[in-house]
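Chemist: here are the coordinates; sequence isn't available:
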């Protein structure tokens, strides 16, 4: 199989962008925020926490990028065909992948970026340049979680520093003269403007990591929901298309489309399926 050059280029661009943004945030945190916070006697453990999270996140990033997501090959095809039953709705028996020329196991999908069929396919993540499937889903979950906590921690420390600056300068009790010579009490907008002019890079970084925390936090919660209900993103998306297509074809009186997730086994077993190693699960099935 050969992957189109433009796919590879796009993927590596996202990885480079990912690393560049992370490097920029940590450079600013190290050269300004860390130094100022240290002078203000912030606890050293708190200041070092983002670096510890970075080490954990980079480990998960490497594992997620390099680990086999669950590529279906001739040698493992027979065993993977027995892993999940076809639900008859999202996954039909007897469907052959036109590219790989093998029957698709339930919950698998062909990835157009990697040009392979992947077992328990979730999605192709451009940020790690790899598919997310049965074998590396746990690494992706930990990668996303550590990235979210990392952004939140830097945001909290940076915000705490700026609040400390405001409190120590007694700025909130001050006043300023506008262009017309009128005196005004310090407002939030003026305060933010003053902080931005005094610490432009720090305030800009804070805005960026707050936005990142909100986006990553929402996506992290969505992935927790998928994990607890034993759904992949691919299945969640396919179900919505399935429901919409049936809604259009059915008569108005029959438009209650009921779909039961055939793969949900309860919260504990759903989480176990993601975080247990494939080898352990395979051994248990053979017993």
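Modeler: Looks like it arrived, so ask away. For clarity, every value in this text was computed on a predicted model and none was experimentally measured. Residues are numbered from 1 along each chain as shown.
Chemist: for the chain, what spans make up the strands?
Modeler: Ranges of strands within the chain are 109-111, 116-118, 123-125, 130-132, 175-177, 183-185, based on DSSP state E.
Chemist: Show the low-confidence segments of this protein, by residue range.
Modeler: Scanning the chain for pLDDT under 70 picks out the ranges 1-11, 171-186, 243-259, 277-287.
Chemist: Apply 90 and report the result again.
Modeler: 1-13, 87-90, 112-114, 166-195, 238-262, 275-287 (pLDDT under 90).
Chemist: so how far is the top helix by length along it from its chain's centroid?
Modeler: For the chain, the helix reaching the highest residue count under DSSP state H is reported as helix 137-169. Taking C-alpha atoms, centre = their mean, to the nearest Å, the mean C-alpha location of helix 137-169 is offset from the chain mean by 16 Å.
Chemist: And for residue 84, the neighbour number?
Modeler: Neighbourhood size, residue 84 [other C-beta atoms under 10 Å]: 17. All C-beta spots, glycine's among them, are computed from the backbone N, C-alpha and C.
Chemist: for it, what are its contacts?
Modeler: The contact partners of residue 84, by C-beta atoms under 8 Å, 6 or more residues apart in numbering, come to 91, 105, 106, 107, 120, 263.
Chemist: Repeat the analysis, applying 7 Å as the threshold.
Modeler: Neighbouring residues of residue 84 by C-beta atoms under 7 Å, 6 or more residues apart in numbering: 105, 106, 107, 263.
Chemist: how much space between it and residue 107?
Modeler: Distance of residue 84 to residue 107, given as C-beta to C-beta, to the nearest Å: 5 Å.
Chemist: mind listing the helices in this protein by residue range?
Modeler: With DSSP H as the criterion, the chain has helices spanning 5-28, 35-39, 44-66, 77-81, 137-169, 188-198, 200-228, 233-249, 267-275, 278-286.
Chemist: Next, residue 229: phi, psi?
Modeler: Backbone geometry at residue 229, expressed as degrees, to the nearest 10, gives phi -100, psi 0.
Chemist: is it true that it touches residue 265?
Modeler: No. In this structure, residue 229 is not within contact of residue 265 by C-beta atoms under 7 Å, at 10.3 Å.
Chemist: Ramachandran coordinates for residue 43?
Modeler: In terms of degrees, to the nearest 10, the main-chain angles of residue 43 are phi -70, psi 130.
Chemist: same question, residue 84
Modeler: Phi and psi for residue 84, reported as degrees, to the nearest 10, are phi -130, psi 150.
Chemist: i'd like the first residue to be 44 from this point on
Modeler: Taking 44 as the first residue, the last one we looked at is residue 127.
Chemist: State the distance from it to residue 111.
Modeler: Counting by C-beta to C-beta, the gap from residue 127 to residue 111 is 18 Å.
Chemist: And residue 66, by the same measure?
Modeler: From residue 66 to residue 111 the distance is 28 Å (C-beta to C-beta).
Chemist: neighbour-wise, which of those two wins?
Modeler: For residue 66 and residue 111, the more surrounded residue by other C-beta under 10 Å is residue 111, and the numbers stand at 16 against 10.
Chemist: Excluding sequence neighbours, find me the nearest residue to that one.
Modeler: Nearest residue to residue 111 in three dimensions, chain neighbours excluded: residue 178, at 5.3 Å (C-beta to C-beta, 6 or more residues apart in numbering).
Chemist: if I pick that neighbour, what's in contact with it?
Modeler: Contacts of residue 178 by C-beta under 7 Å, 6+ apart are 110, 111, 112, 113, 321.
Chemist: picking that back up, which of the helices of the chain sits closest to residue 143?
Modeler: Residue 143 lies closest to helix 120-124 among the helices of the chain, at 9.3 Å (C-beta to C-beta).
Chemist: In that closest one, which residues are buried?
Modeler: Buried residues in helix 120-124, counted by 16 or more other C-beta atoms under 10 Å: 120, 123, 124.
Chemist: Dump these to a markdown table, plus distance to residue 155.
Modeler: Listed next are these as a markdown table, based on distance: C-beta to C-beta, whole Å:
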| residue | distance to residue 155 |
| --- | --- |
| 120 | 20 |
| 123 | 20 |
| 124 | 22 |
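Chemist: Residue 261: which of those is nearest?
Modeler: Distances from residue 261 to the buried residues of helix 120-124, taken as C-beta to C-beta, are shortest for residue 123 (32.4 Å).
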